[in-house]
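**Q** Next comes the sequence, and after it the predicted model I'd like to discuss.
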Amino acid sequence: EHTLPIIRGSLSNTYLGKTLQTLTLLQYIYKPGTAASTNQETNSLEEKENTQGSPVQKEAFFDEKGQLSLFPVKTEAPNASRSGQNDLQCAVLNQKKSQTPRLHATLIVVPTSLLHNWKREASRFTSLSMTEYNGNSTNEINRLSKHFDQYHLVFTTYGTMRNNIATLSQYKFEYIVLDESQNIKNSESLTFRSAIQLQSKHRLILTGTPIENSLKDLWAQFHFLQPELLGNETAFSKQFINAIRQGDERMKFRLRQLISPFILRRSKQEVAPELPSLTEEVIYCDMAKKQNELYQHEKNSLRNILLEQTVEKGQQPLIVLNGILRLRQLACHPQMILPGFIGESGKLNLIIETFETLRSEGHKVLIFSSFVKHLELVADEFRKRQWDYALLTGSSTNRPEEIARFSRDPRIQAFLISLKAGGVGLNLTQADYVFIIDPWWNPAAEAQAIARAHRIGQDKQVIAYRFITQGSIEEKIIQLQEEKRKLAETFITETDQLPTLTNQEWAGLL
């Protein structure tokens with residue numbers, strides 16, 4: 001009878017996160033038949049999962065075809081007869097267990113903020129050797145190849161990849177894995193042009209938000225995966241983007257048909273039906289009197305510029321973007337653009353009031369903002385009240401320490417987090433409330449932030465509050481979010497950048 005290798009400590013019977021799923025796949029590729037946690041056999045499964053903040057994991061199996069499944073070979077997955085296939089299949093491996101070919105290293109490219117997490121998870125849950133390429137080692141390809149060949153996994157960041165692509169592109173990796181692959185969504189960016197120069201036998205991209213602005217984002221990522229699938233960018237725009245914009249359902253179906261065999265997508269409801277509920281609410285805030293006066297003055301000035309078109313054509317984008325930014329900041333707090341402003345912010349008052357109530361009830365809260373200055377204003381109010389808090393922004397050098405403080409210290413009930421710095425890659429299930437204190441241009445960034453708390457390992461109901469200033473551009477941003485959500489859901493998931501609008505459309509936001 002076929003012997004099934006068992007992966008211990010890395011898989012759940014209902015869920016496998018993208019990081020551990022990828023590491024488990026690589027473990028089996030490089031060391032078929034071995035456990036994914038063999039380098040930590042001295043630690044119990046419970047110890048590993050308690051340190052991770054996730055529930056104790058169950059066993060996983062590989063069938064005789066090398067297909068990863070969460071059920072033994074002769075056991076049907078629940079509802080398999082209804083779905084026609086095992087929806088929990090994770091990957092199809094081409095290597096048979098009897099084969100042990102010489103394999104090159106795998107390159108894993110990640111955002112800088114996630115590098116520590118990837119290395120930690122690889123160390124804890126696999127027995128694979130690893131190194132970090134930071135561009136400081138030799139650039140002579142023969143020596144570098146020998147160096148890479150000593151390891152299974154080579155970790156690097158998008159920035160290092162861009163700066164050292166002339167060297168990295170000369171080595172043929174076994175696999176290339178791009179985490180948060182929306183980083184290459186802009187086909188005109190150096191990041192995209194660098195990524196497509198890399199060589200490998202196999203490629204994987206990991207993302208919860210493959211469409212962040214338009215279908216061009218999707219084209220760029222699939223061009224990295226399989227360049228011939230969607231053709232060149234010009235042809236793709238003409239054949240699909242333009243047709244879909246005009247409501248061509250046939251082309252919409254055709255595009256889904258092309259890309260669906262290459263996508264593994266599982267919603268929380270599908271993979272974790274036992275996950276506690278998530279409730280999302282919008283809390284509307286009134287502007288204080290002086291704040292409203294400043295906002296109306298700024299809005300009227302910008303509207304006049306847009307409608308009268310008194311600015312030279314080349315100057316318009318800069319003026320519009322700056323004006324929109326100032327309105328968003330004024331809707332939060334005038335001090336964000338006027339440091340000497342003396343007065344209140346209706347939104348800040350309501351944020352503090354809401355948090356104070358939750359704090360008194362013993363809850364832990366994640367507070368996300370796209371403005372570091374907004375977080376600083378919240379922190380100022382916390383310090384006045386002698387409330388402890390953790391803080392994570394793009395300039396934080398003590399990321400692991402701040403995460404540990406919030407996770408382990410019951411006195412720290414608030415974690416102030418920059419949306420860009422901490423919206424992905426964190427497991428913060430100690431929190432059961434999430435504040436989004438200013439809206440971003442699309443829903444995906446916010447959904448990712450909420451998912452820091454509402455994820456596997458959470459045993460409490462999660463409530464997310466979005467603080468929106470009434471009568472401001474923030475209400476219009478919410479409307480745009482819904483439009484972007486519909487586009488993304490049509491093809492895969494959801495959305496992070498400023499949308500492309502005409503002057504009249506911009507004016508409609510004001």
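**A** Received the coordinates, thanks.

**Q** how much space between the nearest residue to residue 301 once chain neighbours are set aside and residue 373?
**A** Nearest residue to residue 301, sequence neighbours excluded (C-beta to C-beta, 6 or more residues apart in numbering): residue 323, at 7.5 Å. In this view, the C-beta of every residue, glycine as well, is placed from N, C-alpha and C. Separation of residue 323 from residue 373 (C-beta to C-beta, to the nearest Å) stands at 18 Å.

**Q** go on, residue 277?
**A** Counting by C-beta to C-beta, the gap from residue 277 to residue 373 is 34 Å.

**Q** Which one's more surrounded, the two?
**A** Legend: neighbour count by other C-beta atoms under 10 Å for residue 277 and residue 373, higher for residue 373 (15 against 9).

**Q** The more buried one: which element?
**A** Secondary structure assignment for residue 373, by DSSP states H and E: helix 372-384.

**Q** Flag every buried residue along that helix.
**A** For helix 372-384, burial by neighbour count (16 or more other C-beta atoms under 10 Å) applies to 372, 374, 375, 377, 378, 379, 382.

**Q** One more: stretch 352-360?
**A** By neighbour count on 16+ other C-beta under 10 Å, the buried set for stretch 352-360 is 352, 354, 355, 358, 359.

**Q** what does it rub up against?
**A** By C-beta atoms under 8 Å, 6 or more residues apart in numbering, the residues outside stretch 352-360 that reach it are 283, 365, 367, 378, 381, 385, 387, 413, 414, 433, 435, 465.

**Q** Nearest residue to the middle of this protein?
**A** With distances taken as C-alpha atoms, centre = their mean, the chain has residue 424 as the residue nearest its mean C-alpha position (4.2 Å).

**Q** distance of the residue nearest to that residue when sequence neighbours are not counted from residue 29?
**A** Among residues not flanking residue 424 along the chain, residue 448 sits closest, at 5.2 Å (C-beta to C-beta, 6+ apart). For residue 448, the distance to residue 29 (C-beta to C-beta) stands at 28 Å.

**Q** And for residue 263?
**A** Distance from residue 263 to residue 29, by C-beta to C-beta: 20 Å.

**Q** do residue 350 as well
**A** For residue 350, the distance to residue 29 - C-beta to C-beta - is 52 Å.

**Q** ok, now residue 107?
**A** 14 Å.

**Q** Show me which of these two is the more surrounded one.
**A** Using other C-beta under 10 Å, the more surrounded residue of residue 107 and residue 29 is residue 107, with 24 against 20.

**Q** What helix or strand is that one located in?
**A** Assigned by DSSP H and E, residue 107 falls in strand 106-110.

**Q** Packing partners of the next helix-or-strand element following that strand?
**A** Per DSSP H and E, the first helix or strand lying C-terminal to strand 106-110 is helix 115-125. Helices and strands touching helix 115-125, as assessed by 3 or more C-beta pairs under 8 Å, 6 or more residues apart in numbering; DSSP states H and E, comprise helix 18-30, helix 45-52, strand 130-132, strand 153-157.

**Q** lowest-confidence stretch among those?
**A** Lowest mean pLDDT of those: helix 45-52, a mean of 33.

**Q** Secondary structure class of the closest residue to residue 470 other than its chain neighbours, three-state.
**A** Nearest residue to residue 470, sequence neighbours excluded (C-beta to C-beta, 6+ apart): residue 284, at 4.9 Å. The three-state label given to residue 284 by DSSP: H, G, I helix; E, B strand; the rest coil is strand.

**Q** Please name the bridge partners of residue 284.
**A** Beta bridges link residue 284 to residue 468, judged by DSSP bridges.

**Q** got a list of what it touches?
**A** Residues near residue 284 by C-beta under 8 Å, 6+ apart: 468, 469, 470.

**Q** Summarise which helices and strands the helix or strand hosting residue 223 is packed against.
**A** Element membership for residue 223 (DSSP H and E) is helix 215-225. Where contact means 3+ C-beta pairs under 8 Å, 6+ apart, helix 215-225 is packed against helix 190-195, strand 199-206, helix 233-236, helix 249-259, helix 473-491.

**Q** 10 Å - rerun?
**A** Under the contact definition 3 or more C-beta pairs under 10 Å, 6 or more residues apart in numbering; DSSP states H and E, helix 215-225 sits against strand 172-179, helix 190-195, strand 199-206, helix 233-236, helix 249-259, helix 473-491.

**Q** Given the third one, what are its sheet partners and their directions?
**A** The reference is to strand 199-206. Sheet pairing here is set by DSSP bridges, and for strand 199-206 it gives strand 172-179 (parallel).

**Q** where does this structure have low pLDDT?
**A** Flagging of the chain using pLDDT under 70 yields the residue ranges 1-16, 33-101, 136-140, 266-272, 309-317, 484-510.

**Q** Run a quick neighbour tally on residue 187.
**A** Other residues lying near residue 187 total 16 when counted by other C-beta under 10 Å.

**Q** out of everything not next to it in sequence, what's closest to it?
**A** In space, residue 187 is closest to residue 220, 4.6 Å off (C-beta to C-beta, 6+ apart).

**Q** got it, and residue 152?
**A** Residue nearest to residue 152 in three dimensions, not counting chain neighbours: residue 128, with 3.9 Å by C-beta to C-beta, 6+ apart.

**Q** What lies in contact with the helix or strand encompassing residue 143?
**A** Here residue 143, judged by DSSP H and E, is contained in helix 141-148. Applying C-beta atoms under 10 Å, 6 or more residues apart in numbering, the contact partners of helix 141-148 are 104-107, 131, 133, 137-138, 140, 154, 164, 166-173.

**Q** From the residues you listed, keep the buried residues only.
**A** So, by 16+ other C-beta under 10 Å, the buried ones in the contacts of helix 141-148 are 104-107, 131, 133, 154, 164, 167-169, 171, 173.

**Q** okay, now the closest residue to residue 110 other than its chain neighbours: neighbour count?
**A** Leaving aside its chain neighbours, residue 110 sits nearest to residue 179 (4.4 Å; criterion: C-beta to C-beta, 6+ apart). Residue 179 has 24 neighbours, counted by other C-beta under 10 Å.

**Q** check contacts around residue 179.
**A** Residues near residue 179 by C-beta under 10 Å, 6+ apart: 18-19, 22, 108-111, 114-115, 117-118, 155, 158, 204-207, 424-425.

**Q** one step back: select from the contacts of residue 284 the one having the most neighbours.
**A** Neighbour max across those (other C-beta under 10 Å) = residue 469, 27 neighbours.

**Q** Stretch 446-466: end-to-end distance?
**A** Stretch 446-466 has an end-to-end distance of 9 Å (C-alpha to C-alpha, to the nearest Å).

**Q** Please state the offset of it from the chain centre?
**A** Centroid separation between stretch 446-466 and its chain, computed with C-alpha atoms, centre = their mean, to the nearest Å, is 14 Å.

**Q** how about it: buried residues?
**A** 446-458, 460, 462-466.

**Q** hmm, back to that, can you tell me which of the helices and strands packed on helix 215-225 is most buried?
**A** strand 172-179 (a mean of 22; mean count of other C-beta atoms under 10 Å).

**Q** Assess the claim that residue 364 and residue 405 are in contact.
**A** No. Residue 364 lies out of contact with residue 405 (C-beta atoms under 10 Å); the separation is 11.7 Å.

**Q** which neighbours do the two share?
**A** Both residue 364 and residue 405 are in contact with 412, 415, where contact means C-beta under 10 Å, 6+ apart.
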